[in-house]
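Asks: just the structure for this:
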Amino acid sequence: YLGKLVVEELYAKGFHDAETLAYQVIAPFLSAWSLHLDIPMHVETIQVTDLQTHTNSLRVRTPPFEMTFAGGLTPMLTDDFCQYASLYREGMNSNSGFYRFLCFYKIIESIPFRRSRTNEAAKQVGQQIRRFHEIVPSTIDDLLALLKEVYPWRAQWDTFALDQIVPADVRGKKIGWVREKHLNPLRVGIAHALLKTGEVRITLDKLEHIQQVNKWLPLCRILARVMLRNEFPTEFGLAMKPLFFGQGTT
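Replies: Take a look at the predicted model:
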């Protein structure tokens with residue numbers, strides 16, 4: 001195993017600048033080694049130390065929780081739910097933040113189309129249509145209440161993590177607005193880099209791209225869970241009411 005790469009000393013404007021300078025030098029070697037040796041290369045931890053103040057900045061890829069399966073009968077799984085669940089699992093199984101983001105984003109993007117289809121079918125037979133008013137939490141209390149619903153097995157949350165889950169500029173906004181304003185432009189950028197025809201013109205090793213994905217990935221994952229829970233309450237095992245928080249703005 002490759003244990004550690006150390007940049008002994010460099011001049012930078014701050015922690016972020018130092019991390020960027022070092023990463024842009026090291027990342028190409030990691031990609032080249034991955035190509036030549038045909039093995040994955042993951043950066044698990046980045047630590048930056050200010051040599052004047054001896055303060056540290058630490059970026060860590062945390063492992064998933066160890067979980068035990070609940071007992072009892074499994075609820076009936078519909079084909080629609082299995083399609084979304086398989087996409088969620090695909091995202092969870094990936095070590096690539098870019099691919100994870102694309103999987104969770106696809107869930108957020110796709111569910112409104114499913115709702116339009118099922119509402120149209122309900123309208124044709126005279127049944128009541130479903131309307132959702134899904135809002136990003138605007139306060140820490142609302143965020144904790146939402147996390148308790150979508151992660152019922154997790155009792156405690158780190159305050160530092162809570163501050164990073166929901167960027168300040170999207171608090172209290174509708175999920176659809178967040179998708180179009182912030183998540184979709186990022187999805188388009190990733191998709192163009194990976195799927196657009198023609199010559200490769202972008203490197204995924206740039207730390208600024210990785211940091212942008214890391215900024216929105218936690219919220220994207222939670223919103224995917226919220227929408228899945230609202231869309232498939234039976235498959236989640238409870239007769240749940242939709243999760244709505246705050247008044248919301250567009």
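Asks: going by C-alpha atoms from here, please, whenever you check contacts or count neighbours.
Replies: Noted.
Asks: which non-adjacent residue is nearest the residue nearest to the spatial centre of the chain?
Replies: Centroid-nearest residue in the chain, with C-alpha atoms, centre = their mean: Leu217, separated by 2.5 Å. Nearest residue to Leu217 in three dimensions, chain neighbours excluded: Phe101, at 5.7 Å (C-alpha to C-alpha, 6 or more residues apart in numbering).
Asks: tally of neighbours for that neighbour?
Replies: 25 (other C-alpha atoms under 10 Å).
Asks: am I right that it is in contact with Met92?
Replies: No. Assessed by C-alpha atoms under 8 Å, Phe101 is found out of contact with Met92, at 9.9 Å.
Asks: just the C-alphas of stretch 52-66, formatted as CSV.
Replies: Taking C-alpha atoms only, stretch 52-66 is exported to CSV below (Å, rounded to 0.1, in the frame of the first residue of the first chain):
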residue,chain,number,x,y,z
GLN,A,52,3.9,29.4,11.5
THR,A,53,0.9,28.8,13.7
HIS,A,54,1.0,24.9,13.7
THR,A,55,-2.7,24.8,13.1
ASN,A,56,-4.1,22.1,10.8
SER,A,57,-6.8,21.6,8.2
LEU,A,58,-8.0,18.0,7.7
ARG,A,59,-10.1,16.6,4.9
VAL,A,60,-11.2,13.0,5.4
ARG,A,61,-13.2,10.5,3.4
THR,A,62,-15.2,8.9,6.2
PRO,A,63,-16.2,5.2,5.9
PRO,A,64,-19.9,4.2,6.0
PHE,A,65,-21.5,3.1,9.2
GLU,A,66,-21.6,-0.6,10.1
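Asks: cool, thanks, talk later.
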